[in-house]
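In: Here is my input; please provide its structure:
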Amino acid sequence: MGYNILIMQTTWDLKRFYKSIDDPKISADLKKLQAETEKFVKKWKDRTDYLENPTILKEALDDYELWARNYGGGGNPYYYFRLATVLDQLDPKLRAKFNQVSELVLKIQNEIQFFELNLTKVKTTNIKGYEHFLKKIKKLAPHILSDKEEKIMTLKSLTSYNFWTEMTEKFLSRETVKGKTYPELLSLITSTNKIVRDEAGESLNAIFEKYSDVAEAELNAILTDKKIDDELRSYPRPDSARLYRDDVDEKFVDLMVETVSKNFLLAKKYYALKAKYLGLKKLKYHERNVPVGNYDKKYTFEQTVTLINDVFGKLDKEFQEIFQRFLTNGQIDVLPLKGKTGGAACFHNTISQPTYIFLNHTNRLRDVATVAHEMGHGINNELMRRQNALNFDTPTGTAEVASTFFEDFVFEKLLESASGKEKQSLLMSKLDDEVSTIFRQVAVYNFETQLHKTFREKGYLDKTEIGKIFQKHMASYMGPAVEQSPGSQNWWVYWSHIRYFFYVYSYSSGLLISKYLQRTYRANPAKMADIKKFLATGTSASPRDIFKEIGINIYDKKVWEESIKEFEDLLNEVTSLN
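Out: From the prediction side, this is the model:
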């Protein structure tokens, strides 16, 4: 089924929320948010009967679900300003209003957080529709503080974490060098023209050096805040807070990280092969994702849409319908602009609000994969709407499964029409992505682990020491074929994921599990029903149980080794094409 690209909207339609940042409806909605929160608090704050009586507990949970459905996450005002600031980091008026809304939302979260704190004391978790929600809360009980203490933790997070991380991101987004915006420079380091990419690399090195002192202060501030939080909550490891809240355990992540780390040699072989194909003795740090070969075809966003629309339609008509709806309803923002945050992302808030896809599309081959990747998240979000509002989320341990699943099928479509050198170029591009997703993210996880450990031993890390730790772990998977060239010691400055503390494991585990699902589907296309069931599960079950349901034992080393073997097979295939 074709799609009329003329009806596409390539910018976000945020007017479905408000006409502008001065819309009086914002104040009205904030008052409604406060009123509905106060209504819930008044009804349940001073009661404990729901902790004992399952019937009353069901009533309380239904009330909470209704509040979360319509007002959770700050409702429309917070979501609107969050999205608007992503599009424009430079408008001080917009930032001021977002800060005001954020402060109010923090206060509201403080008012209502008593409920989940009290739920740690429930006698039963056997309440239909809320079973796993209650089990997760009880599991976190040893790490939850008193109501007053939790209020302090919530309030301080704005100044001790949010403002710091937003500051670095904001500074970087402002930078323009020789007419090139920051996102454009990040794109140009993959140019096949060595002069162009080296100039872009030098410009980025200069930007990161410029803000390295700021980033040093920022990172130490949030590492201090993290250490204090972990001590207060009695978490045994720096990554424990992440893993416990992601509903996974150390055993799962340690096994995956250990298995991938032991196979870093495959990534090193790949970079050695790439340097050879590019005719270079060594790759500079910023050159590791430079395309190989003559497959220099550009993909406009319209061409990307046509290709992805076809792939999604063949996999499942519902996937295609969701994609077309996003395009028609202004839920995808496409082009890079000054002040716009770099990268790509998928945004969602409450179950009653639309999902938004954020891009910086520059017509590269990699941008095609990015659209498929983020739409995978978007499709995942839409299927999860079958859950209630308290289960409308994706466990981090499974978050990257959908994205990489769809990305890989789009790659197969690109490969169909390629031959000879084009096929070699495409396969190398695919290996670029898989090295970055599987091996690089585990190397970053190892970097984070040492970063937190060393910080907690020394109390402060200057940028030089941070850079040395960073380069050590980048070299661990890149090997001698990639130079840790001058300036690369500062490339941690812009990496937002290390500010989200240990999130990166999910990229590697997500792709490796995605490969398992792809094998399952190819062997039996009827298994798509099981895959859609998995994508619709949300947080209504733990990742362990979700995977078990579809035949994956995440505690079996073979699961990880078999998927890594697929990377090795792909590497051998492209090597044989030379």
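In: any idea what sits nearest the residue nearest the centre of the chain, other than its immediate chain neighbours?
Out: For the chain, the residue nearest the mean C-alpha position is Ala345 (6.8 Å; Cα atoms, centre = their mean). When the adjacent residues along the chain are set aside, Ala345 lies closest to Phe358, with 4.5 Å between them (Cβ to Cβ, 6 or more residues apart in numbering). For glycine as for every other residue, the C-beta is placed from the backbone atoms N, C-alpha and C.
In: what number of residues lie near Leu327?
Out: One way to gauge burial is a neighbour count; for Leu327, by other Cβ atoms under 10 Å, it gives 24.
In: again, but for the one 4 residues further on
Out: When neighbours are defined as other Cβ under 10 Å, Gln331 has 20 of them.
In: Can you give me every residue that contacts it?
Out: By Cβ atoms under 8 Å, 6 or more residues apart in numbering, the contact list for Gln331 reads Trp12, Asp13, Arg325, Pro354, Thr355, Tyr356, Ile357, Gly378.
In: tell me the pLDDT at the nearest residue to the fourth one once chain neighbours are set aside?
Out: Taking Cβ to Cβ, 6+ apart as the measure, Pro354 lies nearest to Gln331, with 5.7 Å between them; neighbours along the chain are not counted. Note for Gln331: predicted pLDDT of 98.
In: all numbers from here: first residue = 696
Out: Sure, I'll start counting at 696 from here, so that last one is Gln1026.
In: ok, Gln1026 to Leu853 distance?
Out: For Gln1026, the distance to Leu853 under the criterion Cβ to Cβ, to the nearest Å works out to 28 Å.
In: can you check Gln1019 too?
Out: Distance of Gln1019 to Leu853, given as Cβ to Cβ: 39 Å.
In: ok, now Ile807?
Out: In this structure, Ile807 and Leu853 are 17 Å apart, going by Cβ to Cβ.
In: which of these two has more neighbours?
Out: Between Ile807 and Leu853, counted using other Cβ under 10 Å, Ile807 has the larger neighbour count: 21 against 16.
In: Is it correct that the more buried one is in contact with Lys734?
Out: No - using Cβ atoms under 8 Å, Ile807 is not in contact with Lys734, being 10.6 Å away.
In: what sits against the closest residue in space to Gly768 that isn't next to it in sequence?
Out: Nearest residue to Gly768, sequence neighbours excluded (Cβ to Cβ, 6+ apart): Asn1044, at 4.4 Å. Under the criterion of Cβ under 8 Å, 6+ apart, the contact list for Asn1044 reads Gly767, Gly768, Gly769, Tyr773, Tyr774, Arg777.
In: in the helix or strand in which Lys1009 is found, what's buried?
Out: Secondary-structure assignment from DSSP states H and E places Lys1009 in helix 996-1010. For helix 996-1010, a neighbour-count test (16 or more other Cβ atoms under 10 Å) marks Phe996, Thr999, Val1000, Leu1002, Ile1003, Asn1004, Val1006, Phe1007, Gly1008, Leu1010 as buried.
In: cool, and stretch 741-752?
Out: Buried residues in stretch 741-752, counting neighbours by 16+ other Cβ under 10 Å, are found at Tyr745, Leu746, Leu752.
In: ditto for stretch 1021-1029
Out: Phe1021, Leu1022, Gly1025, Gln1026, Ile1027, Asp1028, Val1029.
In: Next step: those restricted to strands.
Out: Ile1027, Asp1028 (DSSP state E).
In: Now render the buried residues of stretch 1021-1029 as JSON lines, adding distance to Met703.
Out: JSON lines is the format used below for those (distance: Cβ to Cβ, whole Å):
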{"residue": "Phe1021", "distance to Met703": "10"}
{"residue": "Leu1022", "distance to Met703": "5"}
{"residue": "Gly1025", "distance to Met703": "9"}
{"residue": "Gln1026", "distance to Met703": "11"}
{"residue": "Ile1027", "distance to Met703": "8"}
{"residue": "Asp1028", "distance to Met703": "12"}
{"residue": "Val1029", "distance to Met703": "9"}
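In: ok, the buried residues of stretch 1021-1029 vs Tyr1250, which is closest?
Out: Closest approach between the buried residues of stretch 1021-1029 and Tyr1250, by Cβ to Cβ: Phe1021, at 36.2 Å.
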